[in-house]
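Visitor: Dropping a prediction and its sequence here:
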Amino acid sequence: YRENSVSAFVSIMRGCDNFCSYCIVPYTRGRERSRNSDSIIKEVVSLNEKGVKEITLLGQNVNSYICPATKMTFAKLLENCSEINPDIWFRFITSHPKDMSEELIDVISQHQNICKHIHLPLQAGSNRILKLMNRKYTREHYLSLIEKIRTKNPECAITTDIIAGFPSETIDEHKQTLSTIESIRFDGAFMF
């Protein structure tokens, strides 16, 4: 946060426990460590008092956030933050599909000041490649999440990450990714 800023980032956790086969984060940033929800709420209250109008909650995988003291989930934390001031826009990044909860999808739909945007990395549309990536979800699971999100939040923007040409990926498996992209019709994608 910088003085006179209208937006701020609040780190809610550090590290990652997922060990995706292509990622170095667990080795460089360590295992997941969630901040106490009280300190996060105090930081959001302080930013509100300073006039901040947009807050992004940050974590390598915000969906696996759990308060060490109270066991509060990410969905409940986001809801509590959004109730501090209905005039502050709340965003969050990044979500992991294996940990996306229906509770979070509901919270987003119930609060007007939570931005209707979810960045949900697909990475690949082939179950074999997802398994090699150690992503711990299937194409079918991902598609069911998209359906739940769009049913409860029809105006929600969905963005993603895609890795093309993962080691041993075949043309047919790449086509599975392309067909998944075509069926979902993402609002944006980072492709590697």
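Guide: Cool, got the structure.

Visitor: lowest confidence element among the helices and strands of this protein?
Guide: When the helices and strands of the chain are scored by mean pLDDT, DSSP states H and E, helix 25-28 comes last with a mean of 94.

Visitor: What residues of that one count as buried?
Guide: For helix 25-28, burial by neighbour count (16 or more other C-beta atoms under 10 Å) applies to 25, 26. Every residue, glycine included, has its C-beta placed from N, CA and C.

Visitor: what about that helix, distance to the chain center?
Guide: Taking C-alpha atoms, centre = their mean, to the nearest Å, the mean C-alpha location of helix 25-28 is offset from the chain mean by 18 Å.

Visitor: swap in stretch 26-34?
Guide: 17 Å.

Visitor: again with stretch 70-88
Guide: That offset, for stretch 70-88, works out to 15 Å (C-alpha atoms, centre = their mean).

Visitor: returning to what we had before: tell me which residues are up against the helix or strand just after the least confident helix or strand of the chain.
Guide: As assigned by DSSP states H and E, the chain's next helix or strand after helix 25-28 is strand 33-34. If you take C-beta atoms under 8 Å, 6 or more residues apart in numbering as the criterion, strand 33-34 is touched by 12, 13, 14, 15, 59, 65, 66, 67, 68.

Visitor: Just the buried residues of the residues you listed.
Guide: Applying 16+ other C-beta under 10 Å to the contacts of strand 33-34 flags 12, 13, 14, 15, 59, 65, 67 as buried.

Visitor: What are the phi and psi values at the last one?
Guide: So that's residue 67. With angles defined as degrees, to the nearest 10, residue 67 sits at phi -60, psi 130.

Visitor: And the helices in this structure, which stretches?
Guide: Per DSSP state H, the chain carries helices over the ranges 25-28, 37-49, 74-82, 102-110, 127-132, 139-152, 171-184.
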